[in-house]
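[1] No sequence on hand, only this structure:
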């Protein structure tokens with residue numbers, strides 16, 4: 001091991017006590033005391049995150065963490081699993097970041113998704129001696145994530161790994177279980193992520209993209225990694241990634257609810273309501289692609305013959321996520337993320353007005369979906385999918401920003417809107 005590497009792996013100087021940490025000033029505002037968040041349970045923290053406004057106010061106890069956009073949620077991957085992204089290059093220097101609160105913020109985020117299968121993507125480029133947490137913090141952080149967090153994480157992708165991170169994992173090998181170790185994957189180039197998730201739905205920092213381009217440029221032509229292929233033109237019978245209005249025009253009977261939604265919901269309504277964890281599990285990616293191809297080729301898909309409930313659930317979520325514009329439309333984005341400001345006694349009426357402003361095919365599809373999800377929640381004693389759990393699963397698939405990925409502070413209001421929609425669906429869809 002080289003002397004440089006030994007220096008890099010050496011224990012970082014102790015960070016200041018949390019009470020002495022100072023943040024970079026934002027204008028002339030003063031920072032509120034952080035004592036209110038220290039020592040809170042993970043449940044309390046996740047509730048604080050879920051209740052946040054689209055842009056956390058400066059006096060929110062986690063504003064000093066959220067403002068850096070280190071952690072983001074980016075919808076579902078190609079397997080139907082939630083994607084959590086960690087950007088090392090957005091970590092500020094030691095003296096500007098409370099690493100304990102960062103850990104609590106990460107746990108509070110994961111608390112909203114750990115009951116479902118999920119994927120963690122870590123962009124390593126940008127971690128330097130200035131912002132790198134100490135090895136003792138990394139060790140304590142790993143220990144802090146108990147089985148609840150490790151059970152349903154299906155993969156950890158480390159993008160642009162360096163010798164430092166690889167050596168670090170070797171040093172930590174005695175602490176890392178064999179089962180968890182098998183979930184760690186190194187990704188050398190961004191194009192390799194396409195097998196896992198559509199990179200266009202990730203907000204990849206410019207620094208990371210520039211670094212990836214430099215890596216590519218430094219290679220000899222024969223060793224260049226494959227470039228992501230350009231999108232092929234839509235097939236004549238394309239269903240996935242096609243606007244709802246066009247699907248309605250193509251429908252033989254002009255049904256405003258797309259065939260994928262009708263097929264999956266019909267199958268799951270008949271046979272999947274009592275499946276525990278429905279919508280929380282991933283599916284075989286080969287089967288998902290095969291079903292998508294069959295739909296896009298104009299073929300009929302029989303889920304009853306396949307008898308794969310989780311496949312049908314993933315296909316439904318994938319269809320919603322791949323719409324060119326979300327089911328709730330970009331036009332309603334600001335109304336939805338600010339919906340928490342509407343007094344509770346007026347929410348049903350306000351929500352009814354919002355959904356009735358949707359295009360007819362969007363309204364009909366939303367109503368079809370929500371009516372079905374109400375059926376699912378009626379069996380929550382068996383399937384464990386309450387309205388709150390369904391909102392966490394479907395919120396990011398019903399609405400996202402124009403840049404696809406969303407900050408955690410926007411995810412909370414969208415999920416809250418979705419839960420309220422499920423709670424009030426009898427009044428909203430009268």
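    That came through, no problem. Bear in mind the structure is a predicted one, so any value in this text is a computation, not a measurement. Residues are numbered from 1 along each chain as shown.
[2] Return, as residue ranges, the portions of the chain with sub-threshold pLDDT.
    1-58, 220-234, 403-409 (pLDDT under 70).
[3] Map the structural domains onto the sequence of it.
    3-223, 244-428 (automatic domain parsing).
[4] any idea which of these is most buried?
    Across the domains of the chain, the average number of neighbours (mean count of other C-beta atoms under 10 Å) peaks for domain 244-428, which reaches a mean of 18. C-beta coordinates here come from the backbone N, C-alpha and C atoms, glycine included.
[5] Redo the domains of the chain as TSV? Include distance to residue 237.
    Converted to TSV, the domains of the chain look like this (distance: least, C-beta to C-beta, whole Å):
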stretch	distance to residue 237
domain 3-223	21
domain 244-428	3
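[6] Out of those domains, which gets nearest to residue 235?
    domain 244-428 (5.0 Å; C-beta to C-beta).
[7] Would you mind measuring the gap between the ends of that closest one?
    End-to-end distance for domain 244-428, by C-alpha to C-alpha, to the nearest Å: 21 Å.
[8] How far away from the center of its chain is it?
    15 Å (C-alpha atoms, centre = their mean, to the nearest Å).
[9] for this structure, longest helix please?
    helix 360-378 (DSSP state H).
[10] contact partners of that one?
    With contact meaning C-beta atoms under 8 Å, 6 or more residues apart in numbering, helix 360-378 is reached by 244-245, 247-248, 256-258, 261-262, 265, 268-269, 273, 278-279, 320, 327-329, 355-356, 358, 383, 385-387, 390, 394, 398, 421-422, 425, 428-429.
[11] Residue 382 against residue 276, yeah?
    Yes. Using C-beta atoms under 8 Å, residue 382 is in contact with residue 276, at 6.8 Å.
[12] Please list all residues in contact with residue 80.
    Going by C-beta under 8 Å, 6+ apart, the list of residues near residue 80 reads 117, 281-283, 288, 310, 313-314, 317-318.
[13] how close does the closest residue to it other than its chain neighbours get to residue 326?
    Nearest residue to residue 80 in three dimensions, chain neighbours excluded: residue 314, at 3.3 Å (C-beta to C-beta, 6 or more residues apart in numbering). Here residue 314 is placed at a distance of 18 Å from residue 326 (C-beta to C-beta, to the nearest Å).
[14] Same question for residue 153.
    26 Å.
[15] ditto for residue 338
    16 Å.
[16] same question, residue 105
    For residue 105, the distance to residue 326 (C-beta to C-beta) stands at 26 Å.
[17] Check residue 81 too.
    Applying C-beta to C-beta to residue 81 and residue 326 gives a distance of 19 Å.
[18] For the stretch 251-400 of the chain, which segments count as helices?
    259-271, 285-296, 303-306, 309-321, 333-337, 347-356, 360-378, 380-383, 387-398 (DSSP state H, counting those that start in this stretch).
[19] picking that back up, let me have the contacts of residue 80 in a markdown table, extended by distance to residue 349.
    Formatted as a markdown table, these follow (distance: C-beta to C-beta, whole Å):
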| residue | distance to residue 349 |
| --- | --- |
| 117 | 37 |
| 281 | 37 |
| 282 | 38 |
| 283 | 39 |
| 288 | 39 |
| 310 | 37 |
| 313 | 32 |
| 314 | 35 |
| 317 | 29 |
| 318 | 33 |
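[20] and of the residues you listed, the nearest to residue 174?
    Taking the contacts of residue 80 together and measuring to residue 174 by C-beta to C-beta, the closest member is residue 117, at 27.3 Å.
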